[in-house]
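**Q** Dropping a prediction and its sequence here:
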Amino acid sequence: MIPLTAALILEKQSVRAQLLEVLKGIPVRIVLDQGGFGAWHLVQERLERLQPDVVLVDLGEEVEERFGYIQKVRMLARPPAIMVIHSANDAQLILSAMRAGAAEFLTLPLAQAALEAALERISALAPERRAGTETGGKLLAFLAAKGGAGATTLACNVAVGLARSTGKEALLADLDLETGNVAFAMKTSSQYNILDACRNISRLDAHFWRGLVSNGLPGLNILTAPADLRGLDAPQAVEIRQVLRFARTVYDFSLVDLASSLNRLTLAVLEDADQAFLVSTSDLPSLHLAKRVLQTLLQTGYGRERVRLLVNRCSRRDQVTPEDIERNLGVPVYWSFPEDSDSVGEFYVKGGAIAPQSDLGKSIRRFVQQISPPPAEKKKKSFLGF
């Protein structure tokens, strides 16, 4: 077991005393020790600054409140593992704690062997978690100002383009959980989906992940939305974020297709995204909704530099110019994609990708070159061999 750093957030002094006793002889260094969460912004600042490997929390009497704090901890930029301590060995409570983001659940009275075994499991994952947060790939999010703007079409084809241009595997994840169309667009089928990934967060590793994703075109892995959520527990935002953080340790580029509404899940994913691409058409209703989305994001602290406006289905007949859009929305048009209904229609019938020789296909290829770094050039050797 490698040495770990720990934060204790324990309201009950009896639990704290018992924990400190059983921690003797175990290589754990306590970097934070406080009696409860208190003011969350202060706890958040301390956890982000100290970056402990594990946070130990007692549930106490306010169980639901504790679950809310656990979810907040799991949403930190470098989320620690969370170990929950409680007096009751209740199966439903354990399940709820795991869904909130806990990695381990221990019951009182604490047994040193059980605590040590739990810390061993966390220790085994610590190097991977540290490496993942330091060297993770990029997360790109596509969302539409309104349904039908073409965000799914662009997300699918940009993902294909990135896999082709980089020569490395890319991920396309469908997070429009109500009307997800990625599986239909890419003509892929799998018995597993994003919900299965969320239900098995503790099992995520390279081997298990390969069984979850389906293959699209060469170099593209696809994680689909559930075909029907009726009767199923919808995945929580904190679970989705954990899955995407794992994906960033596997792929240089992970692309997500989001719902057009700014729901809790969409906002949570956007918080982690390196770049958000807001897709609108040039008609006034779509631009009006795009402006509302932009205003909401900026008001919630989303950086202006992290959101790019894409205008889809542009034609010479459009009466609104890019200058008009920038003046009205307050952000420049990052990219304009041409109207090409024939190529889009063929794509949805056949799947795969937009025809590369089409006007839209050429525009997508140039867009991919814009957002991805060029491959490193190999230095030519001289006739002397240098």
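**A** Good, I have the coordinates. None of these values were measured; they are calculated from a predicted model.
**Q** and Glu157, what pLDDT?
**A** Not quite, residue 157 is Asn, not Glu. On the pLDDT scale, Asn157 is placed at 97.
**Q** Now do the contacts for it.
**A** Residues near Asn157 by Cβ atoms under 8 Å, 6 or more residues apart in numbering: Phe347, Ala353, Ile354, Gly361, Ile364. Where you see a C-beta, it was placed from the backbone N, CA and C, and this is true even at glycine.
**Q** Residue ranges of each domain in the protein, please.
**A** 4-134, 137-371 (automatic domain parsing).
**Q** Could you say which of the ones you listed is packed most deeply?
**A** domain 137-371 (a mean of 18; mean count of other Cβ atoms under 10 Å).
**Q** Quick one: end-to-end distance for that domain.
**A** 13 Å (Cα to Cα, to the nearest Å).
**Q** starting at the chain centroid, how far to that domain?
**A** 12 Å (Cα atoms, centre = their mean, to the nearest Å).
**Q** weakest of the domains of the chain by average pLDDT?
**A** Minimum mean pLDDT among those: domain 4-134, a mean of 84.
**Q** Leu195 versus Asp233, what's the distance?
**A** 8 Å (Cβ to Cβ, to the nearest Å).
**Q** again but with Val349, I slipped
**A** Taking Cβ to Cβ, one finds Val349 at 28 Å from Leu195.
**Q** In which helix or strand does Glu65 reside?
**A** Glu65 is part of helix 63-74, with elements assigned from DSSP states H and E.
**Q** Next SSE downstream of that helix?
**A** strand 81-86.
**Q** What does the residue nearest to the spatial centre of the chain show for phi and psi?
**A** Compute the mean C-alpha point of the chain, and by Cα atoms, centre = their mean the closest residue is Leu244, 3.4 Å away. Phi and psi for Leu244, reported as degrees, to the nearest 10, are phi -70, psi -30.
**Q** same thing with Gly219?
**A** According to degrees, to the nearest 10, Gly219 has phi 90, psi 0.
**Q** quick one on the thing from earlier: now the contacts of Asn157 as TSV including distance to Gln13 and secondary structure?
**A** As requested, the contacts of Asn157 are exported to TSV (distance: Cβ to Cβ, whole Å; DSSP: H, G, I helix; E, B strand; the rest coil):
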residue	distance to Gln13	secondary structure
Phe347	63	helix
Ala353	61	coil
Ile354	63	coil
Gly361	66	helix
Ile364	61	helix
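**Q** Please report how far the residue nearest to Leu23 when sequence neighbours are not counted lies from Leu20.
**A** Distances taken as Cβ to Cβ, 6 or more residues apart in numbering put Leu115 closest to Leu23, at 7.3 Å, once the chain neighbours are dropped. Using Cβ to Cβ, Leu115 is found at 11 Å from Leu20.
**Q** overlap in contacts of the two?
**A** With Cβ under 8 Å, 6+ apart, Leu115 and Leu20 have no common neighbours.
**Q** ok so, going back, what's the spacing between the helix holding Glu65 and its chain's center?
**A** Per Cα atoms, centre = their mean, the centroid offset for helix 63-74 relative to its chain is 19 Å.
**Q** Could you export that helix as CSV, CA atoms only?
**A** Extracted C-alpha coordinates of helix 63-74, given in CSV (Å, rounded to 0.1, in the frame of the first residue of the first chain):
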residue,chain,number,x,y,z
VAL,A,63,-28.1,11.5,5.6
GLU,A,64,-29.5,13.2,2.5
GLU,A,65,-27.6,16.4,3.3
ARG,A,66,-24.4,14.3,3.6
PHE,A,67,-25.1,12.7,0.2
GLY,A,68,-25.4,16.2,-1.3
TYR,A,69,-21.9,17.1,0.1
ILE,A,70,-20.5,13.9,-1.2
GLN,A,71,-21.7,14.7,-4.7
LYS,A,72,-20.1,18.1,-4.4
VAL,A,73,-16.8,16.6,-3.4
ARG,A,74,-16.9,14.2,-6.3
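**Q** other SSEs contacting it?
**A** helix 40-50, strand 54-58, strand 81-86, helix 91-100, helix 237-247 (3 or more Cβ pairs under 8 Å, 6 or more residues apart in numbering; DSSP states H and E).
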